[in-house]
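Engineer: Next comes the sequence, and after it the predicted model I'd like to discuss.
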Amino acid sequence: MKKIAITLLLLSGLGFQASHAQSVWDKPTSALKNTNMDIVVYRSPTCGCCGKWLEHLKKHDFNVTDHVTEDVQSIKDKYGVTAALSSCHTAIVGGYIVEGHVPAGDIKSMLKNKPDIKGLAVPGMDAGTPGMEMGDRKSPFKVIAFDKQGQLTIYKSYDKY
């Protein structure tokens with residue numbers, strides 16, 4: 001009986017830890033007053049990480065409209081997302097384009113500051129970005145701002161996070 005009680009205690013402790021594991025991206029971000037938080041996301045039906053990114057956005061108060069499509073490339077073409085900026089999903093928010101696993105805090109910053117850019121991108125699918133969490137594995141990555149003339153600048157760099 002004592003052995004069973006110890007086993008149950010250990011198992012319940014493990015379950016508690018697993019259910020309370022948080023992503024580094026779950027930390028609260030500042031609320032935006034008088035800002036439209038509606039974001040429309042276009043993604044492939046076969047992409048699991050896109051769904052995780054949508055959950056990340058919802059945790060940060062975005063109103064997500066999820067468009068699942070077999071032809072995400074036509075959306076990228078429509079909005080001028082180049083191959084160099086491309087990732088697995090494309091979103092539109094407040095007249096800006098958001099490509100890939102851009103952290104919600106950076107999207108909020110863009111919406112608040114209203115820079116003269118076309119949008120933000122995290123090209124590729126780097127481990128550790130929102131929706132691409134892989135335990136302790138975190139690759140450094142950069143959020144790239146791009147404008148209508150095709151100019152690219154570093155919006156934010158994540159070397160250690």
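Structural biologist: Thanks, I have the structure now.
Engineer: so Ser74, which of the three states?
Structural biologist: Following DSSP: H, G, I helix; E, B strand; the rest coil, we place Ser74 in the helix state.
Engineer: and the next element down the chain from the lowest-mean-pLDDT helix or strand in the chain?
Structural biologist: Lowest by mean pLDDT, DSSP states H and E among the helices and strands of the chain is helix 2-19, with a mean of 32. Counting by DSSP states H and E, the element after helix 2-19 in chain order, helix or strand, is strand 38-43.
Engineer: helices and strands around the next helix or strand after that next one, which ones?
Structural biologist: Later in the chain than strand 38-43, the nearest helix or strand by DSSP H and E is helix 48-59. The helices and strands touching helix 48-59, judged by 3 or more C-beta pairs under 8 Å, 6 or more residues apart in numbering; DSSP states H and E, are strand 38-43, strand 63-68, helix 104-113. The C-beta positions use only the backbone N, C-alpha and C, and glycine is treated the same way.
Engineer: Understood, closing this out.
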